[in-house]
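Undergrad: Predicted structure and sequence below. I'll ask about it afterward.
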Protein chains: 2
Amino acid sequence: MDETPPSGVEIERKFLVDRLPGGLGEGDRIEQGYLAIGDDGVEVRVRRRGDDMTLTIKSGPGMTRTEEELAIDARRFESLWPLTEGRRVVKTRHLVALADGLTAEVDVYDGALAGLLTAEIEFPSEAASQAFTAPEWLGREVTGDGRFKNQRLAVEGRPDEAT
Amino acid sequence: MDETPPSGVEIERKFLVDRLPGGLGEGDRIEQGYLAIGDDGVEVRVRRRGDDMTLTIKSGPGMTRTEEELAIDARRFESLWPLTEGRRVVKTRHLVALADGLTAEVDVYDGALAGLLTAEIEFPSEAASQAFTAPEWLGREVTGDGRFKNQRLAVEGRPDEAT
């Protein structure tokens, strides 16, 4: 039996995508922008995914982990979005079913990051994560590579080697 | 007759306080802390005043003015407050009635800013602002002195000359 990880800890692996698998639908458009990123890494972002709009505050890397998400309405989102200029990630997310009941979140980036393709897979346990065999459409693994975090993609753009 | 200023534009003057006027009540305790201040001056702060807790996002100085305030509950405030460490202003606000129906918001700072006393007066018109004669308990005027903005007081502390 798989062990269940401690509550709140996600076991994820992230890959570049060599070629998109067939049969993708329309996907979900996601627009997210950073209102402010503090010196200590605290980040405040807004995100729109379909009709869901949220404002999220996350602690910085050296701090006790805190994450708070607030629902906001369309008027607030439209008011705040201009404050994120130059710090945005726009992408379309596709959910792709894999073996063993796993799902890949395949992100097709747009705008300044156009051409970048990533896939993230969440596992129910460390064992499942280690046993995973990547399908051939996945490319290089970038788990733990900070340059592919959305915050850094938004500010720094696409890493050279992911072109 | 006084002219009404354009909607959203506040006509305010700010002073240091030489000595607190008599008859102050308990006042309202205000705790505010900055979650993040971006490179472009966008600020995100949380504030507690009595039972009112808010999260506010303000645009930076070079941008079209935007300000959005969201009510948050006590659980969220308590969760976010630790992220503001080192960027806080704690003060007690007293409302003091002046001549001509004006009111001074007298702030008695606490914590790292203890000893600082400021008063802010909002006027119904430019004419009223110019005609104002400060009562003798007010000290030097600091209107427009950026060092006395709460954001800078929170980060930089008390200006030397205000000691």
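TA: Perfect, thanks for sending it.
Undergrad: All the helices of chain A, residue numbers only.
TA: Using DSSP state H, the helices found in chain A span residues A:74-80, A:126-131, A:150-156.
Undergrad: out of those helices, nearest to residue A:91?
TA: Comparison of the helices of chain A against residue A:91 by C-beta to C-beta identifies helix A:150-156 as nearest, at 8.8 Å. In this view, the C-beta of every residue, glycine as well, is placed from N, C-alpha and C.
Undergrad: If residue A:106 is in a bridge, with which residues?
TA: residue A:94, residue A:119 (DSSP bridges).
Undergrad: Contacts only, for it.
TA: Residue A:106 is in contact with A:17, A:20-21, A:24, A:93-96, A:117-119, counting by C-beta atoms under 8 Å, 6 or more residues apart in numbering or on different chains.
Undergrad: Tell me the buried residues within the residues you listed.
TA: Buried members of these, counted by 16 or more other C-beta atoms under 10 Å in any protein chain shown: A:17, A:21, A:94, A:96, A:117-119.
Undergrad: most centrally placed residue in chain A?
TA: residue A:150 (6.0 Å; C-alpha atoms, centre = their mean).
Undergrad: Distance of that one relative to residue A:101?
TA: 26 Å (C-beta to C-beta, to the nearest Å).
Undergrad: What of residue A:94?
TA: Counting by C-beta to C-beta - residue A:94 and residue A:101 are separated by 17 Å.
Undergrad: Check residue A:11 too.
TA: Distance from residue A:11 to residue A:101, by C-beta to C-beta: 15 Å.
Undergrad: I'd guessed residue A:29 sits against residue A:50; true?
TA: Yes - with contact defined as C-beta atoms under 8 Å, residue A:29 reaches residue A:50; the gap is 7.3 Å.
Undergrad: between those two, which one's more packed in?
TA: Using other C-beta atoms under 10 Å in any protein chain shown as the criterion, residue A:29 and residue A:50 rank with residue A:29 on top: 13 against 8.
Undergrad: what about the residue lying closest to that one once chain neighbours are set aside, how many neighbours?
TA: Closest residue in space to residue A:29, ignoring its immediate chain neighbours: residue A:92 at 5.5 Å, by C-beta to C-beta, 6 or more residues apart in numbering or on different chains. Other residues near residue A:92 come to 15 when the count uses other C-beta under 10 Å.
Undergrad: what residues are up against residue A:92?
TA: A:26-30, A:107-108, A:110.
Undergrad: again with residue A:33
TA: Counting by C-beta under 8 Å, 6+ apart, residue A:33 has contacts A:45-47, A:81, A:83-85, A:87-89, A:154.
Undergrad: Next: residue A:84.
TA: Residue A:84 touches A:33-35, A:45-46, counting by C-beta under 8 Å, 6+ apart.
Undergrad: which one of these is nearest residue B:144?
TA: Of the contacts of residue A:84, the one sitting nearest to residue B:144 (C-beta to C-beta) turns out to be residue A:35, at 25.9 Å.
Undergrad: which residues of chain A score low on pLDDT?
TA: A:1-8, A:161-163 (pLDDT under 70).
Undergrad: repeat that for 90
TA: Low-confidence segments of chain A (pLDDT under 90): A:1-10, A:23, A:25, A:61-64, A:160-163.
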